[in-house]
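**Student:** Using only what follows, build the 3D model:
(2 chains)
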Amino acid sequence: MKRRTLLAGAALGLGLGLSLGSAAFALDKVKACFIYVGPIGDGGWSFQHDQGRLALEKELGDKVETVYQESVPEGADSERVMTQMALSGCNIVFATSFGYMDAVNNVAKKFPKVMFEHATGYKRDSPNVSTYDARFYEGRAVMGTIGGLMTKSNKIGYIGSFPIPEVIQGINSSYLAAKKVNPEVTMSVVWAYTWFDPAKEADAAKALIEQGVDVILQHTDSTAPLAEAAKTPGVIGFGQASDMAEYKPSPRVSAIIDNWGPYYIKRVGELLDGTYAQGATWAGIGDGEVKIGEITEAVPPEVKAKAEEVRDAIAAGTLHPFTGPINKQDGTPWLADGETPDDATLAGMNFYVEGIEGVIPQ
Amino acid sequence: MLGGINLATLIASLMVAAVPILMAATGELVAEKAGVLNLGVEGMMIIGAVCGLVAAVHSGSPALGFLAAAAAGAALSLVFALLTQVFLANQVATGLALTLFGLGLSSLIGQGYVGVKPPPTGRLEIPGLSDMPVLGPILFHHDVWVYLSIAMVAVVAAVLRRTRAGLILRAVGENHDAAHALGYKVTRVRLLAILFGGAMAGLGGAYVSLVRVPQWTDGITAGAGWIALAIVVFASWKPWRVLIGAYLFGGISVLQLNLQAAGARIPVEYLAMSPYVVTILVLVLISAERGGRGGNAPAALGRNFHAAR
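**Tutor:** Numbers count the residues shown, from 1 in each chain, chains lettered A, B, ... in the order given. Presented below is the predicted three-dimensional model:
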């Protein structure tokens, strides 16, 4: 087996000449390992990554063996888990949380033959580290449109996890979309400082509702904010990362679904046929990586039509959620009329747009 | 209104936020009054949380869930009672072990129940009263457990102060040798107090997993048991002060989220640590006031009793 992969690799090297980046050897069988920040039963982020893993198993059958570890805290624990995975013969490790960033790069340095894939990160210190991300902010624009049209109190609440660019993009994107359809709208942000803590998320949702918020967006992974919203009639929310269908038709009126399966199948497939190379992908609604969950009957037809219009325009590339003129919170101009930001600017977003109250914690 | 925050809804939600710590602290107060220092409150709470959820999910009845939670909390406290009252193990070490054991065991039991939705616990709507302005939302818009938790404080206060059973319990906690000499069954009294404490902690935990959140995840009680322990000291072992302490703590933790939501320009970090800062501050003030003697702690608190001595 080992000799064969070696030969195959040599053949590949001869055939293609020097390949760029971390060209991998073709493999007969891939052991793909996944590390999740929450439990796979969270009904959100980690659940959805695990769905991607299952899709991978289904697609590639006995050519792939998968292993996963759930509820791995960000930090030293994750480094230990990934080292263990690399030692136990994993060919590719999918690290599925932003906070694993340094651990991924540390471990990758020690195991140059193991490929590492880091979700939502941007650091690629060694050639065997790739990053992949989804344009969640595109989905947020659709949710913001629904929220802006549905709110009666004109107050939208947002439960933020950590003040990182990915979350700030979501806050800005949903606010801009809501503002576009409802100029009266205001946005309150509560930082929960956790990705997954149902008790804290429920408390944050409760506090928002007490402030008169009737549309809740969340950037945390559990279904607790929806459970809290369900206690007060008239409050709506959205599935985050996963469909969260058990709260249909209300309070969950729609959802942003992360669809990781195709990416996992593509990357492991590339490892199998030897075309794998280091990469950084950032796919959105148009690529099918971000999906909009069913818009339920709790949403009036005209609102639903408007939301679908936004969704389809983003998918077609005719609408960018951040299209100028947009000012920063302090009033300084950010984007000129008709201008859209490049990916690097988006990926480093660390400011609120004009109109959002409050400060981003440092 | 207070900086854009509606005071009535704030009070209403702090009453809800305080229920778990209030229940657990009331139970621990009784155990400590009997001279038993059980540091396993967190462990008993979380076992109550998971068992309550499992029972409620399978039976479809939240009431049965709470019942199971009380039983589970009491069952775990029985382990503590066996070790400290029969084998005379060190109470502090045993209590800490109980917490660690409870956290692990709950995680094991809860394996298949992460994200599962328990049956809802209804609010008690009293026609007329619930619709009153200001007082309506504060007093008459809660689930039954909010009222029960206050009622339990009243019952414990009355029993400890006005009944013979309460007198015996306090005697055992103040001087177990004297109580023994008078013919009271020290070990039995303490065993019952421990069981009561366990059942109350279990109920408090179930309130988190069945009403407040409502779902299961590892470590869902998130330190509420430790806060309950601090509140007993804060209250200098007086039942009604436990109520004040629990509401104060619940109030601050609710207020900090409300301030954020209302857009207060205070850094989030200060708000997030404020409940704990206030707890420490109050504890310091209380012990300073009493010359550092730890208030009116039961004299035999944490001391094991052996009749043959």
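**Student:** Stretch B:61-78 close to chain A?
**Tutor:** No - interface with chain A: stretch B:61-78 contributes nothing (CB under 8 Å from any CB of the partner chain), its closest point being 13.8 Å away. (Glycine included, C-beta is placed from N, CA and C.)
**Student:** Can you point out the buried residues in that stretch?
**Tutor:** B:61-62, B:65-77 (16 or more other CB atoms under 10 Å in any protein chain shown).
**Student:** and for it, what are the contacting residues?
**Tutor:** B:38, B:40, B:43-45, B:47-57, B:59, B:98, B:101-102, B:118-121, B:145, B:194-203, B:205-206, B:210-211 (CB atoms under 8 Å, 6 or more residues apart in numbering or on different chains).
**Student:** in which helix or strand would I find the residue lying closest to A:Ala76 once chain neighbours are set aside?
**Tutor:** If the residues on either side of it in the chain are set aside, A:Ala76 comes closest to A:Ala103, at 7.8 Å by CB to CB, 6 or more residues apart in numbering or on different chains. If you go by DSSP states H and E, A:Ala103 is part of helix A:101-110.
**Student:** Following the chain past that helix, name the next helix or strand.
**Tutor:** Next helix or strand after helix A:101-110 toward the C-terminus (DSSP H and E): strand A:115-119.
**Student:** Show me the strands paired with that next one, marking each as parallel or antiparallel.
**Tutor:** Strand A:115-119 has the following sheet partners, assigned by DSSP bridges: strand A:92-95 (parallel), strand A:129-134 (parallel).
**Student:** Show residues contacting that strand.
**Tutor:** If you take CB under 8 Å, 6+ apart as the criterion, strand A:115-119 is touched by A:22, A:24, A:49, A:82, A:91-98, A:100-101, A:104, A:107-108, A:128-133, A:260, A:267, A:271, A:276.
**Student:** Between helix A:101-110 and it, find me the angle.
**Tutor:** Here strand A:115-119 points in a direction 170 degrees away from that of helix A:101-110 (axes from the mean of the first three to the mean of the last three CA atoms, to 10 degrees).
**Student:** tell me the average confidence for strand A:115-119?
**Tutor:** Computed over strand A:115-119, the mean pLDDT rounds to 94.
**Student:** Return the residues in contact with whichever residue of the stretch 201-350 of chain A sits closest to chain B.
**Tutor:** Distances between the stretch 201-350 of chain A and chain B by CB to the nearest CB are smallest at A:Ala207, namely 3.5 Å. Going by CB under 8 Å, 6+ apart, A:Ala207 touches A:190, B:13, B:254, B:257-258, B:260-261.
**Student:** Of the residues you listed, which belong to helices?
**Tutor:** Mapping the contacts of A:Ala207 onto helices (DSSP state H) picks out B:13, B:254, B:257-258, B:260-261.
**Student:** Neighbour-wise, which one of those residues leads?
**Tutor:** B:Ala261 (28 neighbours; other CB atoms under 10 Å in any protein chain shown).
**Student:** Would you confirm that that residue contacts A:Ile156?
**Tutor:** No - look at B:Ala261 against A:Ile156 with CB atoms under 8 Å: they stay out of range, at 11.3 Å.
**Student:** OK, now which residue of the stretch 201-309 of chain B is nearest to chain A?
**Tutor:** Counting by CB to the nearest CB, the stretch 201-309 of chain B gets nearest chain A through B:Leu257, at 3.5 Å.
**Student:** Which residues belonging to the helix or strand hosting A:Val81 are considered buried?
**Tutor:** Using DSSP H and E, A:Val81 maps to helix A:76-87. Neighbour-count burial for helix A:76-87, counted by 16+ other CB under 10 Å, picks out A:78-79, A:81-82, A:85-86.
**Student:** Tell me, how many residues neighbour the spatially closest residue to B:Ser107 that is not a sequence neighbour?
**Tutor:** Spatial nearest neighbour of B:Ser107, chain neighbours left out: B:Asp218 (4.8 Å); criterion: CB to CB, 6+ apart. By the criterion of other CB under 10 Å, B:Asp218 has 18 neighbours.
**Student:** And the one 10 residues further on, by the same measure?
**Tutor:** B:Ala228 is surrounded by 31 other residues when neighbours are defined as other CB under 10 Å.
**Student:** before we move on, what SS does it have?
**Tutor:** Recorded secondary structure, B:Ala228: helix (DSSP: H, G, I helix; E, B strand; the rest coil).
**Student:** Show the contacting residues for it.
**Tutor:** Neighbours of B:Ala228 in contact, by CB under 8 Å, 6+ apart: B:20-21, B:24-25, B:28, B:41, B:45, B:201, B:204, B:246.
**Student:** go with 10 Å
**Tutor:** For B:Ala228, the contact set (CB atoms under 10 Å, 6 or more residues apart in numbering or on different chains) comprises B:20-29, B:41-42, B:45, B:197, B:200-201, B:204, B:221, B:242, B:245-246, B:249.
**Student:** gap between the residue in the stretch 101-250 of chain B that chain A sits nearest to and A:Ile256?
**Tutor:** Nearest residue of the stretch 101-250 of chain B to chain A (CB to the nearest CB) works out as B:Val114 at 3.3 Å. Distance, B:Val114 to A:Ile256, using CB to CB, to the nearest Å: 21 Å.
**Student:** Which one's more surrounded, these two?
**Tutor:** Higher neighbour count among B:Val114 and A:Ile256: A:Ile256, with 27 against 23, using other CB under 10 Å.
**Student:** Okay, the residue of the stretch 201-350 of chain A closest to chain B and B:Gln215: tell me how far apart.
**Tutor:** Taken as CB to CB, the span from A:Ala207 to B:Gln215 is 19 Å.
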